[in-house]
Structures are given as structure tokens and as C-alpha cells.
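Visitor: let's see this in three dimensions:
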Amino acid sequence: MNCRKSICLILIAAFVQLTVSCVGTSSYTPEQMKQPGKNYQIVRVLKKLGEIVDFDKDNPAVLAGNEIRGSSRVRVKAEGTTITRGGEVYIVKTMDGVTYKAETYRRDGDAYVLTTKSTMSIPLSDVSLVWTRESNGVGTALVIVGGVLAVSAIVLVIAALTKQSCPFLYSAGNAGFTLEGELYSGAIFKGTERRDFLKLHSLAAGPDGYVLRIANEADETQYTDEMTLVAVDHPKDVGVYAGSDGIIHTVRSPQTALSAVDFEERDYTPLLSAPDGRMWSSNPFGKDPENPAHWRSGLIIRFPRAEGARTAKLIVRIGNTYWADQAFGNLMAMMGGIMPSWYRQSEQNPDIRERADKFMSDEGIGLKVQVLGREGWRDPGFFYPTGPFGIKDDIMVLPLENTPSDSLTVRLQGGTFFWMIDYAAVDYTADVPVEARELAPDSAVDDGGRDARASLLRTDGDYFVMPEPGGCALVKYPAPPLRHGMERSFFLRSTGYYTIHPRATGSPDLAKLLAIQENPDLFLKFSLQEIQKRFLAAAGTGGAPAAARTGR
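Guide: Next up is the predicted model:
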């Protein structure tokens, strides 16, 4: 089986669709798009205030004068939604009574993704960055407007192979294999090995039951100890989520935000109201690397409060930007030739898991969750990183002792330009009974035809190892019958870790390493300096980025 070739093809599409970072938010002006003979097919826009707008890749937006115009995408919950044909469009009515006119629609897990008939217009004056596909008569390339950089398919694959990340997980569904996300992201030592729960949106039963593909598409060695598919049969009127503790929770009445503002008090409330692909992400320009207040970014979200509730379930749809991955890679590269010995010393540290979790939470690689109490902010925990190609549904139970009775205020915080937030809500309803079945693999065969099933059955130290990029395995599971009147959701429970292959062989950057050891927050300062420097260089100018010059 040639997994590498097929996965690279999928990876190209995933990179175009999901990357929000290593993006060229560089020093461009809107006039740079106005090149004679150019026909931009716009698939994503980053607005100056941080909002990300996606357009359908099969029906991209266009540049019309000084505006970007295109059909926007909307994501609606499938449960209770009816779709009928109405002339040239589909009439979509949700359970909440909202009606959309859609040109196309597709099922994505427990939701429908609609390409709406209405046209969205975005003035170029509001834009920081545009992702386009450019038709040149030869093929399709990704153009990052800002560095004015055209990236071919080959370059995209190389970029993916230089990521510091984790195994890719694909599921077989009605549209073939679909990238679901990344597994146990951030577990870069054996001592930080952890169990991960990834909700799957595209998995469907086929002739071979349920089929997953795990692949190494990074310059690292990946050790996977378990891959158990958890099939959850539940009432159709509830959603199901699993947090990092593996406990399955139900959501019956999600309450969206009363208000959501960033650290500069700009309003993003509508952006978080639905998991529709329109995501908040902080803009690294207009930030001062010398100002510690600019090293972190996030949202302060105020939710309705249920009377008498002692806990709240916080539901999010989140993802890392590609830059978060690069920033961590830059930190590793500072070690130069001493990286292997640093790995050995870290593995011998009995506190490595606790220290790694603290670094992720404090330095924004994880998304810190804080709750406003009567005596100030307190920290119930953080969401683990998703990896740069992962958009993940996650949940956390928040204790409400000593919080105001009229509303619940939550702060989500990470490193500047490290995170995207698509959706946030809370639910106060009690969990309802569900039937969760743990499905062990029927078979698992790697790219060399070897049987890997025994290594993936349970967490027991018998690892399925992928030592080089291009390794993969197909893992098949039984498909038990669905109970009548129920709906089925899936989670992959995986356990593992990975080790990054050394790339630098020269002398370590001792000055920066010692500075970060003394003050870990300087990692965020150096990251902000680096992203601004890189895109100034890509644009070939020494001037400040457009957003920085305007102060926006």
C-alpha cells in the first residue's frame, strides 16, 4: 500500500483549507492584489481585527474593485434541520426556526455545511491577509498575499514535512478519507506520553467496517501505544463530547455568549455563536514585542448563568495556527547540536510531565481557561494543543463556586497568533445516559504489509512505531448495529508520544536559551519578534507591516 503518496495529496488540500498561520500576514497593502492579468480565487481572508472568513473552495470569492465578494459558508446542526429543493436553491430550516437559501450543502458529522446564496462583501481596507488559489493555465497554487508568495504543491508538502507535530488521523467516510486531526499533540517525550480523545466527524461504516488511517507526515519518530475507537449511541437531541480526562458528556442546551471581546475590547460575539468556520485569531501585527501585554492574546467571554448550577460544561471548537507549531520548532532549533543530550536529560527528569504541562499552559501553546470569581481569575485548566492541521471539539467542566450569580465570565488565552477559536458555549444540563462501546481493531496493517494490530490494542508499552515521514497504517474496526432511534458519534482514544528529529547541528543560541530558562515568557517575545521579522523579509521591505503602520 502506498500511503505516502495518497496522504500527501490529502495533505495539500488540508494545508490549503486549514492553515491559518505561517500565513503571510506580512507588510502588504491591498493594492498588491491589483496586478494586471491576475485572477484571484479567494478561499480565506484574515481581517485586520482578527476575524477569519472562509469561502467555499469550490466556489471561491473574487476581487471586485475594492471589495472581496463571495458566497459565505454556514455550519448548522443537522439534528432537527430540514432541507428541501426550492427552484435553483435548497431551503434549509433549522430546529431554531432559522431559514437559509443554500446553493450547495454537505453533511459533516453532526452538522450541515451550507454554501449560502447571499453574497458577502469585505472591503479591502478591512483586510490584513488573503489566501487565494490562482488560475494560471498550468495548475493551482496557493498565493499568500502579503509576502506575495506563490507556493506550489511540492512546497506545501515540504512545509508539512518540516512541522513539529504528531500523527495525522484520517477516517474513511462517504467522501473517501478525510483528515480528522492530530493525535496527542505536544507529547514530545516518553515522559509526557498522554491519552488523547479526538472526536471524529466524517467516519462512516463501509464494507470493511470502520476504517482509520494513521500517518507520520513530520520529521520525527512517532510511538502509538493504543488506538481504540469509541462508538457512542445517544439520543438524537443531544451532542456528545469527551475531554482530556476521557469522560463522555452530553450537551442538550448549549448557551452561546452574551458577549465576547478580545484583550483590546473589540467585539467578536457573533463570531463564536456557531461552529461555522469563521474563526477568531489574533493579529501579530500592531503588536509591540517589547510590551509583555502583547505577548498573549485571547477572548473574554460572558455567558448566561443557570440559577443554582454548581458546574458548567464549556464547549469549544479550537485549533492551533501553523505559527504556533513553527514557534515551538524555533525554540527547539535554538539548541543546535545539544538537542539530543537535552532530550536525554529531560527524560530523566521525574517532573517532566508536570513541567511540560505548566509550560504549555503558561506560555500559550495550550489554551488556558480562566474563570472570573468574586476574588479574581482562577485557572481550572487548559486545552491541549491540537497541532497545526487540527480543528478540535473539546469540553471542560468548570466549577462555579464563588462566581457571580448573574453570569459566567471565562477567559481563553494563548500566545499571540497561536490559536483559532471557532465556537464557544456552555451547558448546564445534567449528563444523560449514553451507550459507549470500546471497539478494538479487527486488523491493522502498516505500509510495509506488517501486522500492527497487537501494538494498538491497549496501552501496554508495546508501541506501533513510525520512525520516518511516510509511514502509515490502515486500522479497521467492527461496525456494530445502531440502536433504533439513536444517533452515533465517534471518538478515537489514542495513547502515545513522539520525538523530534534534530535538524540543527551548530552551536546553541545560549543567550536566548538562558534568557528563556530565567524567564519562560521570553519565549513569547521571541516568537512575536520572529513572525514579524520573517514576513517583513518575505515582503522584501524594511517597513512596518500594514496593520502596524495603521495602528490597527
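Visitor: quick check: end-to-end length of stretch 449-465?
Guide: One end of stretch 449-465 to the other measures 14 Å (CA to CA, to the nearest Å).
Visitor: which residues sit in contact with Ser455?
Guide: Listed by CB atoms under 8 Å, 6 or more residues apart in numbering, the contact partners of Ser455 are Thr224, Asp225, Ala444, Asp462, Tyr463, Phe464. Where C-beta positions appear, they are placed from N, C-alpha and C, glycine not excepted.
Visitor: ok, 6 Å please
Guide: Asp462, Tyr463, Phe464 (CB atoms under 6 Å, 6 or more residues apart in numbering).
Visitor: from Gly387, how far off is it?
Guide: Separation of Ser455 from Gly387 (CB to CB, to the nearest Å): 22 Å.
Visitor: which residue is the nearest non-sequential neighbour of the residue positioned nearest the centre of the chain?
Guide: By CA atoms, centre = their mean, the chain has its centre lying nearest to Gly319, at 2.1 Å. Closest residue to Gly319 apart from its sequence neighbours, by CB to CB, 6 or more residues apart in numbering: Ile391 at 4.1 Å.
Visitor: domain map for this protein?
Guide: For the chain, automatic domain parsing gives the domain ranges 3-161, 196-237+439-500, 253-283+294-428+509-550.
Visitor: before we move on, back to that, surely the residue nearest to the centre of the chain touches Thr386?
Guide: Yes. If you go by CB atoms under 6 Å, Gly319 and Thr386 touch, sitting 5.0 Å apart.
Visitor: tally of neighbours for Thr495?
Guide: When neighbours are defined as other CB atoms under 10 Å, Thr495 has 22 of them.
Visitor: what comes up buried for the helix or strand where it lies?
Guide: Per DSSP states H and E: Thr495 is located in strand 486-500. Buried residues in strand 486-500, defined by neighbour count with 16 or more other CB atoms under 10 Å: 487-500.
Visitor: which of the contacts of Ser455 has the most neighbours?
Guide: Phe464 (24 neighbours).
Visitor: verify the stated contact: it with Ala452.
Guide: Yes. Applying CB under 6 Å as the test, Phe464 and Ala452 come out as touching, 4.6 Å apart.
Visitor: longest helix anywhere in this protein?
Guide: helix 522-539 (DSSP state H).
Visitor: quick check: mean pLDDT of that one?
Guide: Mean per-residue pLDDT for helix 522-539: 84.
Visitor: host element of the nearest residue to Val465 once chain neighbours are set aside?
Guide: Residue nearest to Val465 in three dimensions, not counting chain neighbours: Tyr223, with 5.6 Å by CB to CB, 6+ apart. Counting by DSSP H and E, the secondary-structure element that holds Tyr223 is strand 220-235.
Visitor: for Val53, same thing?
Guide: Assessed by DSSP H and E, Val53 sits inside strand 51-54.
Visitor: can you check Leu513 too?
Guide: Element membership of Leu513, judged by DSSP H and E, is helix 510-518.
Visitor: and that helix, what's its mean pLDDT?
Guide: According to the model, helix 510-518 has a mean pLDDT of 90.
Visitor: let me see the contact set for the spatially closest residue to Ile500 that is not a sequence neighbour.
Guide: Excluding the flanking residues, the one nearest Ile500 by CB to CB, 6+ apart is Glu220, at 4.8 Å. Listed by CB under 6 Å, 6+ apart, the contact set of Glu220 reads Tyr498, Ile500, His501.
Visitor: let me know the closest of the residues you listed to Thr115.
Guide: Closest to Thr115 out of these is Tyr498 (37.1 Å), distances taken as CB to CB.
Visitor: my read is that the closest one contacts Asp219, right?
Guide: No. Contact between Tyr498 and Asp219 fails when scored by CB under 6 Å: they sit 10.4 Å apart.
Visitor: circling back: run the chain-centre distance for the longest helix of the chain.
Guide: With CA atoms, centre = their mean, to the nearest Å as the basis, helix 522-539 stands 21 Å off its chain's centre.
Visitor: ditto for stretch 112-124
Guide: Distance of stretch 112-124 from its chain centroid, counting by CA atoms, centre = their mean, is 22 Å.
Visitor: just the mean pLDDT for that stretch, thanks.
Guide: Taken as a whole, stretch 112-124 carries a mean pLDDT of 75.
Visitor: do the same with stretch 222-240
Guide: In this model, stretch 222-240 carries a mean pLDDT of 97.
Visitor: could you dump it to PDB, C-alpha only?
Guide: C-alpha atoms of stretch 222-240 as PDB (Å, rounded to 0.1, in the frame of the first residue of the first chain):
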ATOM      1  CA  GLN A 222       6.100   8.500  16.500                       C
ATOM      2  CA  TYR A 223       5.200   5.900  19.100                       C
ATOM      3  CA  THR A 224       1.500   5.000  19.300                       C
ATOM      4  CA  ASP A 225       0.500   2.500  22.000                       C
ATOM      5  CA  GLU A 226      -3.300   2.400  21.600                       C
ATOM      6  CA  MET A 227      -6.000   3.200  19.100                       C
ATOM      7  CA  THR A 228      -9.400   2.300  20.500                       C
ATOM      8  CA  LEU A 229     -12.500   3.500  18.600                       C
ATOM      9  CA  VAL A 230     -15.300   4.600  21.000                       C
ATOM     10  CA  ALA A 231     -18.700   4.500  19.400                       C
ATOM     11  CA  VAL A 232     -21.300   6.400  21.400                       C
ATOM     12  CA  ASP A 233     -25.000   5.800  20.700                       C
ATOM     13  CA  HIS A 234     -27.000   8.600  22.200                       C
ATOM     14  CA  PRO A 235     -30.400  10.400  21.800                       C
ATOM     15  CA  LYS A 236     -30.700  12.500  18.700                       C
ATOM     16  CA  ASP A 237     -31.400  15.700  20.600                       C
ATOM     17  CA  VAL A 238     -28.100  15.700  22.400                       C
ATOM     18  CA  GLY A 239     -24.500  16.200  21.400                       C
ATOM     19  CA  VAL A 240     -21.600  14.300  23.000                       C
END
